[in-house]
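A.B. asks: coordinates only, no sequence provided:
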């Protein structure tokens with residue numbers, strides 16, 4: 001059987017995962033709200049002339 005406590009003690013996180021995690025946290029990602037706000041802003045500018 002698997003000894004989960006022992007496996008957890010032996011666990012070491014991957015350096016790649018840590019690097020990706022850090023990059024995601026540091027980056028300024030555009031989300032759907034940002035995209036919709038840009039579309040609405042462009043639409044209101046076009047309708048105003």
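C.D. replies: All right, it came through fine. None of these values were measured; they are calculated from a predicted model. Numbering: from 1, shown residues only.
A.B. asks: got a list of contacts for the host helix or strand of residue 35?
C.D. replies: Assessed by DSSP states H and E, residue 35 sits inside helix 32-47. Outside of helix 32-47, no residue comes within contact range by C-beta atoms under 8 Å, 6 or more residues apart in numbering. Yep, even glycine has a C-beta here, placed from its N, CA and C like the rest.
A.B. asks: any idea which residue sits dead centre in this protein?
C.D. replies: Nearest to the geometric centre of the chain sits residue 24, at 5.0 Å (C-alpha atoms, centre = their mean).
A.B. asks: per-residue confidence at it?
C.D. replies: Among the per-residue scores, residue 24 holds a pLDDT of 78.
A.B. asks: tell me where the model's unsure across this protein.
C.D. replies: Residues of the chain meeting the criterion pLDDT under 70: 49.
A.B. asks: what residues sit buried inside stretch 13-21?
C.D. replies: When neighbours are counted by 16 or more other C-beta atoms under 10 Å, no buried residue of stretch 13-21 is found.
A.B. asks: what does it rub up against?
C.D. replies: With contacts defined as C-beta under 8 Å, 6+ apart, stretch 13-21 is touched by no residue outside it.
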